[in-house]
Every structure is written in structure tokens, then in C-alpha cells.
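S.K.: What follows is a predicted structure for the sequence shown.
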Amino acid sequence: MSIDRESCIRHLQGMVRFPTVSSPDPDAMNFEPFHALHQYLEQSYPLVHKTMTREIIGYAGLLYHWKGTGRSKQLPLLLMAHQDVVPEGDHTLWKYPPFSGEVAEGKLWGRGTTDSKNNIMAHMEALEDLIASGFCPDYDLYLAYGYNEEIMGGKGPAAKLIADTLQQRGVRLGCVIDECGGCGSGASQKIDGDICEIIVAEKGYADYLLSYTHKGGHSSVPPKEGAFYQMAKAITAIEEHQMPYRITDAVKAKLETLAPHRKDALGKLLCDVSGNWPQLLEEFENNPALAAMFHTTTAITMAQGSAQANILPEKVTVTINTRPLEGDSLEDIRQHFLSLVPEGVEVTLVKGNEATPVSPTDSWGYRLLQSISEEMYPGIIATPGYLLGGTDSRYYCNICENIYRFGSFYHNSDYGPAHSANECMPVDQITSGPLFFQKFLTRYGG
Ligand SMILES: [Zn+2]
């Protein structure tokens, strides 16, 4: 078992050069770079492509399968990532062109180097080398790469298509590993030392539309109470009556595990979340990032009235973006809004998905993620994590109970952040992901 650093660099550079940008407008999606990426993977990882079957799902989804010997008792393992990237933005903000894959200053630069072509590279490098050395899994292995994670699936989430395909075939998975979380310096979370965060659940996502209809007419003769007056009452009530704060097991476990290692004053409070609940409620006022972990957030983000300044609106609408916490269903949230808005204001769910179930921390997959992390980074603090955003892995809930969001690369402040200009990966960490997966793949069978 070995990982060749030059090969990791060369292949991630190659992948970054395909501008696989996803767009919410299906007509604006260009699938050429995706198909070129598929060919590139085939050429770069010949043993993977000789050994595993590969199917194209939807427009450009990739599903690989390796039928194992069946000797293991473990249900199949699925490793996932997404091929698409967010737009590169203003080129002048980049030190090196966003799709060049330049290596400079000890880093590999470009869109997708951390989110999440690096994960595709990690899976493929690990497997190519394992196959060369004669490895054959005693369990079934799948790799799944969607093409529209960054646009929340657009009009047809590729990850859902892949998960549905597996479900129709009667496949049940023993473990799914997706992006986010992982091992790295705890500094960004104000923790002394390294932490290993295995994310066990994620919040949901839902947009609601409030609408109110009125007579309209000429703005020179406005009514006593116009349409926006009613809508203002509605949004004021919603802002003033947030969804209640609650303690969930997953969030409590994460915060209490890390609290003793925190360098700031919050550490003392978070050591006992239930015991210090009144003080924490006060803290939430000034700490939205902490508050978001304890309730369904509601953000009023868009408003619309008439088409022109001198027309009274016949209809006004307001959009509310929510991030449901485990335990609040999308219908619960709609009912909450309905109970607050004045008569005549309608509340409809535009689109959304429920918060995911919480994956267990005593499963085989979780224990393996933790033990390999502790072996690779002695002294690391392992904790279950909770994600405020979302990943493609949520679509696998029907066929897997053990879904973990765990980026395999060691993370520190040398990275250029995902979604921003100058996204980059430090070259001295580039083998950490493939090495992690080699250990995981060879041990998963038990
Ligand atoms: Zn991503």
C-alpha cells in the first residue's frame, strides 16, 4: 500500500482543468466538461475502470460498482462526492487562473481542489494502488458522483437518481461516506489541538412563500391599509416568534465533547448544555452561528410588490428560507407561520427537504472512521458533528442508516476555502485523503 504524491497532484490538476460548473438554469448547464472529465478518469485510473463497472446515471452521474467476494458480513460501502463546482467568480481575484490547476507556493490552486474533486481523486488513487497490489474487497463497493450538488439538485438531483437506482435494485448500504467534517486543526472552532469530526446528521432546507392579494389600483389614492401593510405585520410576527430553541442529542454530544478543549469563555457554558441552558439562551442573542444549532432558522430573503412605483400591488409576496432542525417537519414549520400571520396571508411550501435522521455513533463505519483518524493523528479529539448546511448524502437515507460526512484530507489554515476565490489545497496534505481511504477500504470488511 502506497500513495504516490506526484500522481495525486497530476490527477487533481487534470480534474480541475474541466470547468464542470453547475447552473440552476437547466438550459445553461454544459455537460461537455463532465463528459471530458469521465474520459479523463478512465485514462488516469485504468485499473479502477477495468475492475469496477461504471454506469452513467441521468445526464452525467457516475456510479461505479465492485462486486466483492461476499465473504464479509458487512453490507456494501458507498463513497461519494460531486463532480460539479460553483462558478469561479471574478478571475481578477484569483492569484492563479481558477481552472489551471497551477502548483505554486506549495499549493494546488483551482475550483474544485477542496470541494469536491479532491474526494474523487482520493477514492481513485486509493483504489488504483490497492488493485495493483492485488486487493479484492470481501464486501460490495460503490462510488457515486453526482453533477448538481452545488445547486441543491436543481430540477433533478443526480444523487437522488443514483440512490433511487440502487433502491430499485434492492441494494441496502452498510455505510455511506460523503464530504464535510473530517480531521484537522481545531483552531477554526477555537479548539486547542486537532479534531476529528464525523458528521452524523444535517439540517433540512425549505423555502416558503407568503402571499397576500389586494385590489390594486392607482397609487395616488392608496387605501388605508395596503397589501404591504398586511405583509409587514406577517413578517414582523415571524421575526419576533422564532421557532423554539431545543437541545438535540447530536448537537449536545458535539458541543460537550469539544467544550473542555475550547480556548474561549464559551467552553465553560458548553460543558453542560442542559445545566447552563438559561445562560446559553442569552448567548444566542449575539451568536447566530451557535443559535443555529439549536433551532430551525428562518430568514426572510426576498420580497415582491407591483411592477412600477405608481401601481398599488394586487399581490405581494415574501420568501422565507428556513433550515429545519431535526424534529421540526416542513409541515410543522408551515403551521407555525400560519399561526402567526394575519388573516388572508397565505403560506405555501415552495420546495424543501426534511432534516436527516441522525446516524449512530456506535456503528462499524463510525468506529472505523474514528479509529483510523486516531491512528493517523495521535492525540486527535474525535467528536460526532452536526451540519448546518446540506450534502448530497441526504438522498441515501432510504437505503442506509449509517451516513457519515467525513472529508478524508487533513485540514488546516493553509487551504483556500471552498466557494471563494483562491480555493486551493496544500500539496503537503494531498496524500492524506487517499491514505485514509486505503486504510478504510482494507478494513471495512472486518
Ligand atoms: Zn461540496
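M.R.: Ah, there it is. Numbering: from 1, shown residues only.

S.K.: This structure against the ion: which residues are in contact?
M.R.: 115-116, 179 (C-beta under 5 Å from the ion). Where you see a C-beta, it was placed from the backbone N, CA and C, and this is true even at glycine.

S.K.: would you turn those residues into TSV with pLDDT, secondary structure and distance to residue 42?
M.R.: TSV is the format used below for the residues of the chain next to the ion (pLDDT from 0 to 100; DSSP: H, G, I helix; E, B strand; the rest coil; distance: C-beta to C-beta, whole Å):
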residue	pLDDT	secondary structure	distance to residue 42
115	97	coil	23
116	96	coil	19
179	97	coil	23
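
S.K.: Closest to residue 340 out of these?
M.R.: Using C-beta to C-beta, residue 179 is the member of the residues of the chain next to the ion that sits closest to residue 340, with 36.3 Å.

S.K.: my guess is that closest one meets residue 409, correct?
M.R.: No: counting by C-beta atoms under 8 Å, residue 179 does not reach residue 409; the two are 10.2 Å apart.

S.K.: ok, and the most crowded of the residues of the chain next to the ion?
M.R.: residue 116 (26 neighbours; other C-beta atoms under 10 Å).

S.K.: who are the neighbours in contact with it?
M.R.: Listed by C-beta atoms under 8 Å, 6 or more residues apart in numbering, the contact partners of residue 116 are 81-82, 149, 179, 407.

S.K.: same thing with residue 390?
M.R.: 152, 202-205, 353 are the contacts of residue 390 under C-beta under 8 Å, 6+ apart.

S.K.: run the last query once more with 7 Å
M.R.: 202, 205 (C-beta atoms under 7 Å, 6 or more residues apart in numbering).

S.K.: and it, helix, strand or coil?
M.R.: coil (DSSP: H, G, I helix; E, B strand; the rest coil).

S.K.: Could I get the phi/psi values of it?
M.R.: Note on residue 390: its backbone torsions stand at phi -140, psi 160 [degrees, to the nearest 10].

S.K.: quick thing: my sequence starts at 57, can you match it?
M.R.: Fine by me, first position is 57 from now on; the one you just mentioned is residue 446.

S.K.: okay, which residue of the chain is out on the far edge from center?
M.R.: No residue in the chain sits farther from the centre than residue 277, which is 50.3 Å out by C-alpha atoms, centre = their mean.

S.K.: what's around the closest residue in space to residue 468 that isn't next to it in sequence, how many residues?
M.R.: Nearest residue to residue 468, sequence neighbours excluded (C-beta to C-beta, 6 or more residues apart in numbering): residue 241, at 4.4 Å. By the criterion of other C-beta under 10 Å, residue 241 has 16 neighbours.

S.K.: Same question for the one 5 residues further on.
M.R.: Other residues within reach of residue 246 by the criterion other C-beta under 10 Å amount to 13.

S.K.: If you count neighbours, what's buried in the top helix by length along the chain?
M.R.: In the chain, taking DSSP state H as the definition, the longest helix is helix 173-188. By neighbour count with 16 or more other C-beta atoms under 10 Å, helix 173-188 contains the buried residues 173-187.

S.K.: Start from the N-terminal end of the stretch 357-502 of the chain and give the strands.
M.R.: 367-368, 371-379, 402-409, 437-443, 459-461, 480-482 (DSSP state E, counting those that start in this stretch).

S.K.: returning to that earlier point: may I have the secondary structure class of the residue farthest from the centre of the chain?
M.R.: Going by three-state DSSP: residue 277 is coil.

S.K.: Contact partners for it?
M.R.: So residue 277 contacts nothing (C-beta under 7 Å, 6+ apart).

S.K.: With residue 265 instead?
M.R.: Taking C-beta under 7 Å, 6+ apart as the test, what residue 265 contacts is 373, 375, 404, 406.

S.K.: Number of residues surrounding residue 280?
M.R.: Counted with other C-beta under 10 Å, residue 280 comes out at 5.

S.K.: what about it, which helix or strand?
M.R.: Assigned by DSSP states H and E, residue 280 falls within no helix or strand.

S.K.: Likewise for residue 271?
M.R.: Applying DSSP H and E, one finds residue 271 in no helix or strand.

S.K.: Contact partners for it?
M.R.: Counting by C-beta under 7 Å, 6+ apart, there are no residues that residue 271 touches.

S.K.: same question, residue 147
M.R.: 153-154.

S.K.: Read off the pLDDT value for it.
M.R.: Looking at residue 147, its pLDDT reads 95.

S.K.: gap between it and residue 156?
M.R.: 11 Å (C-beta to C-beta, to the nearest Å).

S.K.: Now do the same contact list for the closest residue to residue 389 other than its chain neighbours.
M.R.: Closest residue to residue 389 apart from its sequence neighbours, by C-beta to C-beta, 6+ apart: residue 378 at 5.7 Å. Shown in contact with residue 378 (C-beta under 7 Å, 6+ apart): 262, 264, 352-354, 389.

S.K.: quick one: pLDDT of residue 58?
M.R.: Residue 58 is assigned a pLDDT of 88 by the prediction.

S.K.: hmm, I was thinking of residue 246
M.R.: pLDDT at residue 246 comes out at 88.

S.K.: thinking it is in contact with residue 321, fair?
M.R.: No: with contact defined as C-beta atoms under 7 Å, residue 246 does not count as touching residue 321 (10.0 Å).

S.K.: re the thing from before, what is in contact with residue 235 and residue 465 at once?
M.R.: In contact with both residue 235 and residue 465: no residue, using C-beta under 7 Å, 6+ apart.

S.K.: one step back: relative to residue 483, which of the buried residues of helix 173-188 is nearest.
M.R.: Nearest member of the buried residues of helix 173-188 to residue 483, counting by C-beta to C-beta, is residue 174, at 11.9 Å.

S.K.: How about the contacts made by the closest one?
M.R.: By C-beta under 7 Å, 6+ apart, the contact list for residue 174 reads 68, 465, 481, 489.
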